[in-house]
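*Asks:* Structure for this input, please:
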Amino acid sequence: MPVPATTYSDDLELLRASAVAAGIIASGFFRRDVKSWNKENASPVSEADIMVDRYLAASLLQARPTYGWLSEETTDNPSRLDCERVFVVDPIDGTGGFLRGEDSWSISLAVVENGIPVAGVVYAPVRDEMYAAARGEGARLNGKIIRRVRRPGAAPVIPAAGAVHQELQQAGLNYTRGPYYPSLAYRLVQVATGKLDAVASRRGSQDWDIAAAAVILDEAGIDIADVCAGFPQFNKRDVRHGALAALGDMSLKPLVHAALIKVYGCPADGQAVAAHTTDERI
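*Replies:* Presented below is the predicted three-dimensional model:
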């Protein structure tokens, strides 16, 4: 399908407006008695996820009917593979934290063009934080350019799974663990702000977990990569990814990438990436 004559900025404004409305819907369920259940991969889903997903599908596809659709909570439609632009949506990223009453869950929305994320928002309604970026226009937090701030001389802060921490410690890296945010998208964008210096994520994250954060990090000048394959590619038939690292300090790259490869390995050519568990406790 041909790309519509809309700019990346146009798409970003649509994502921002839809994220705010979705946040209002989700917040109506937050810290209340919500119906929830586990999906086949044991990750949690709730009635709030479904309601937000339905709203976003109606809102976004009505505005851009030629775009494809890929969402964690919608049955996949292979027709998206024929679309040059595709919405990639996680209606509530960090559902486990949402259900526990934690406040760092987010709504993650992206537009992907020919495999590359070109507009994205990661919106944390309870924290009133809107991270947003369009390709070529920089990354913003609540409308202000994101500028990474770190304390001089402070040990780097890195959240990761326990096995990755063991590898980093054995390599002799002096760093601080965590903090843990249940939303991978929210965790990733904290590398842009400087709250985190690196995020190391296990194999099996999917397009909707990382597409919005990827464009925000890229526009903020932060390196994000599949440690085996480079910058992630999106809207492929298999939407799962290898182990990922987002790095605010490139001096960490050799040790962080090596630790992830040691723990998770690299898939052989044509081998599918193993499914992940959504809740990565550290």
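*Asks:* can you pull the pLDDT of the closest residue to residue 189 other than its chain neighbours?
*Replies:* Of all residues beyond its chain neighbours, the one nearest residue 189 is residue 131 (4.7 Å), with distances taken as Cβ to Cβ, 6 or more residues apart in numbering. For glycine as for every other residue, the C-beta is placed from the backbone atoms N, C-alpha and C. pLDDT recorded at residue 131 is 98.
*Asks:* what helix or strand is residue 131 on?
*Replies:* Assigned by DSSP states H and E, residue 131 belongs to strand 129-134.
*Asks:* can I get the CA coordinates of that strand in CSV?
*Replies:* The C-alpha trace of strand 129-134 is given here as CSV (Å, rounded to 0.1, in the frame of the first residue of the first chain):
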residue,chain,number,x,y,z
GLU,A,129,5.3,11.7,31.8
MET,A,130,4.9,11.8,28.0
TYR,A,131,8.1,10.7,26.1
ALA,A,132,7.7,11.4,22.4
ALA,A,133,9.8,11.5,19.2
ALA,A,134,9.4,11.8,15.5
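*Asks:* Counting by contacts, list what the next helix or strand after that strand packs against.
*Replies:* The helix or strand immediately downstream of strand 129-134 is strand 139-141, counting by DSSP H and E. Packing partners of strand 139-141 (3 or more Cβ pairs under 8 Å, 6 or more residues apart in numbering; DSSP states H and E): strand 129-134, helix 207-219.
*Asks:* neighbouring strands for strand 139-141, and are they parallel or not?
*Replies:* According to DSSP bridges, strand 139-141 forms sheet pairs with strand 129-134 (antiparallel), strand 144-145 (antiparallel).
*Asks:* hang on, the earlier thing: which among the helices and strands packed on strand 139-141 is found nearest to residue 152?
*Replies:* helix 207-219 (22.5 Å; Cβ to Cβ).
*Asks:* now that closest one, how far from the centre of its chain.
*Replies:* Centroid displacement of helix 207-219 relative to its chain, using Cα atoms, centre = their mean, to the nearest Å, is 5 Å.
*Asks:* So which bits of that helix are buried?
*Replies:* By 16 or more other Cβ atoms under 10 Å, the buried positions in helix 207-219 come out as 207-219.
*Asks:* circling back to that earlier point, could I get the helices and strands packed on strand 139-141 as a markdown table with distance to residue 43?
*Replies:* Shown next, in a markdown table, are those (distance: least, Cβ to Cβ, whole Å):
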| stretch | distance to residue 43 |
| --- | --- |
| strand 129-134 | 23 |
| helix 207-219 | 11 |
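*Asks:* Can you give the contact residues for the longest helix along the chain?
*Replies:* In the chain, assigned by DSSP state H, the helix with the most residues is helix 8-27. Outside of helix 8-27, the residues within contact range by Cβ atoms under 8 Å, 6 or more residues apart in numbering are 48, 51-52, 55-56, 59-60, 63-64, 85, 91-92, 98, 105, 107, 109-111, 118-121, 123, 125-126, 130, 132-137.
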